[in-house]
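A.B. asks: could you look at this predicted model? Sequence included:
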Amino acid sequence: MQRINSKNLFEKAKQIIPGGVNSPVRAFRAVGGNPVFMKSAKGAFLTDVDNNQYIDLIGSWGPMILGHAYPIIEEAILKAVVDSTSFGTPSSREVEMAELIISMMPSVEKVRMVNSGTEACMAAIRAARGFTGRNKIIKFEGCYHGHADSFLIAAGSGMATFGEPDSLGVTQGVANDTLTVPYNNIEKLLEIIELNRNQIACLIIEPVVGNMGCVIPKNGYLQQLRDICTKENIILIFDEVMTGFRLSKGGAQSLFGILPDMCTMGKIIGGGLPVGAYGGKKEIMDCISPVGKVYQAGTLSGNPVAMAAGLAMLGFLNKNPQVYSQLDKITNKIASGIQKGAENIGLDVSLNQIGSMYSVFFTKKEVVDFDTAKTSNLDYFSQYFNAMLDSGIYLAPSQYESLFVSASITDNLAEEIIEKSNKAMKSIKI
Ligand code: KE4
């Protein structure tokens, strides 16, 4: 595939944007070559500035669960935009959105809209600290909760991609209040709680991890977290920015039947426009300004156009829950086909799939945490990524990212993905 225009654009972008991208993980640093500049997308397909077409398996890192330019989302935005793009006042759509979120996400009794997943997670831990009067938080190695200082310790996603799980610019003071433990490991969690008894405000976790690649909680793990947090009076926060409205219309908390005290949301919630949200128990949310003394604000929070897009997206998912069983079926078909293809050529891969999330790790180990995720052969991953890209399949340019299947991926496209995956794996130079 010729990607001349992408290359030229990237050269220009690098002069005026750090790394030529507005988010590091888009920079293709882990897979080599230049990022592909897209100009349009429709349904299951992306089209780049050189008119190459790709089947999209990342969906803007999660939001595009129905596929691109989905008619009901587009219509909602076009209808809303003629009434101005922002009021900076309360609006009826914000009330409708809060009602809809509360009806879909079991743990949410009150909710506050923000503009990104980072803002949602940042505000949620501030609320937990304000509510409990405690300072420390627990996060998990390889999990990512956005780029707020408290989270840039042992973080996944782009941080893991560049092999720098801790960021410069985060003070020791902040880092001292962030405790990290391995995912899927109760013993280590109990140890760190014992060492910091009565100092921990909250535990924030991706109930299903996307940011070290897709990693699934062991049986009973989430229930154990719930029981420990209840016993220790630690606020349990499910970061459902990725899993919310993705794994079911009620996210992972509905799928696993575990009720956190708070949850954060993003991605799908805005139908592709910038929206985040955090919510939970009334008594916690009522400590948020202007009711309580935990301050959080945002010029464009609850933006009317973004709310219109989010209402269209969540309204559709709420009324059509069969989408989830369809997504699970087609994703399972893709994942099983890829696994079989690898086995046929004796290539060691470990494949994790749940709902419409999956990841291929180039290791024979079962991937259950960050340490086992890091046993994946990153050179094989990079070769696989580039072979798939050149055959017209767009994957996340990092081993430490989950893939996302959209409802626009048909059976035929699933067959094509499997066939091209088999070819890509055969091309890997061992
Ligand atoms: P944003 O601030 O990027 O909207 O959300 C942060 C965030 C919070 N929690 C989870 C579980 C997340 O996955 C994210 C963001 N995810 C990354 C991809 N893994 C966004 C892509 C990017 O950084 O460009």
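C.D. replies: Nice, thanks for sending it over. Numbers count the residues shown, from 1 in each chain.

A.B. asks: can you tell me the element Ile417 falls in?
C.D. replies: Ile417 is part of helix 411-426, with elements assigned from DSSP states H and E.

A.B. asks: tell me the gap between that helix and the middle of its chain.
C.D. replies: Helix 411-426 sits 24 Å away from the centroid of its parent chain (Cα atoms, centre = their mean, to the nearest Å).

A.B. asks: also stretch 123-139?
C.D. replies: 22 Å.

A.B. asks: ramachandran angles for Phe140?
C.D. replies: phi -120, psi 140 (degrees, to the nearest 10).

A.B. asks: contacts only, for it.
C.D. replies: By Cβ atoms under 8 Å, 6 or more residues apart in numbering, the contact list for Phe140 reads Ala154, Thr180, Val181, Pro182, Tyr183, Ile205, Glu206, Val209, Phe370. Glycine gets a C-beta too; all of them are placed from N, C-alpha and C.

A.B. asks: likewise for Gly117?
C.D. replies: Contacts here follow Cβ under 8 Å, 6+ apart; on that basis Gly117 touches His145, Gly146, Asp239, Val241, Thr264, Met265, Gly266, Lys267, Gly276.

A.B. asks: which residues of the stretch 51-200 of the chain lie near the ligand?
C.D. replies: Contact residues, the stretch 51-200 of the chain versus the ligand (Cβ under 6 Å from any ligand atom): Trp61, Ser116, Gly117, Thr118, Cys121, Tyr144, His145, Gly146, Ser157, Gly158.

A.B. asks: in helices, which of those residues fall?
C.D. replies: If you go by DSSP state H, those have Gly117, Thr118, Cys121, Ser157, Gly158 in helices.

A.B. asks: which of the residues you listed count as buried?
C.D. replies: Neighbour counting over these (16 or more other Cβ atoms under 10 Å) leaves Gly117, Thr118, Cys121, Ser157, Gly158 as the buried ones.

A.B. asks: turn the contacts of Gly117 into CSV, including neighbour count and distance to Ala308.
C.D. replies: Listed next are the contacts of Gly117 as CSV, based on neighbours: other Cβ atoms under 10 Å; distance: Cβ to Cβ, whole Å:
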residue, neighbour count, distance to Ala308
His145, 29, 27
Gly146, 21, 24
Asp239, 33, 25
Val241, 31, 21
Thr264, 30, 22
Met265, 33, 17
Gly266, 29, 17
Lys267, 27, 17
Gly276, 27, 16
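
A.B. asks: who in the stretch 301-430 of the chain is up against the ligand?
C.D. replies: Listed as neighbours of the ligand in the stretch 301-430 of the chain under the rule Cβ under 6 Å from any ligand atom: Glu401.

A.B. asks: what ranges do the strands span in the stretch 301-430 of the chain?
C.D. replies: In the stretch 301-430 of the chain, the strands defined using DSSP state E, counting those that start in this stretch lie at 350-354, 357-361, 393-394, 403-404.

A.B. asks: Gly293 against Arg129, yeah?
C.D. replies: Actually, residue 293 is Lys. It isn't Gly. No: if you go by Cβ atoms under 8 Å, Lys293 and Arg129 don't touch, sitting 11.4 Å apart.

A.B. asks: between the two, which one's more packed in?
C.D. replies: A count of neighbours by other Cβ atoms under 10 Å puts Arg129 above the other of Lys293 and Arg129, at 20 against 9.

A.B. asks: which non-adjacent residue is nearest that one?
C.D. replies: Sequence neighbours aside, Ala201 is the residue nearest to Arg129 in space, at 4.4 Å (criterion: Cβ to Cβ, 6 or more residues apart in numbering).
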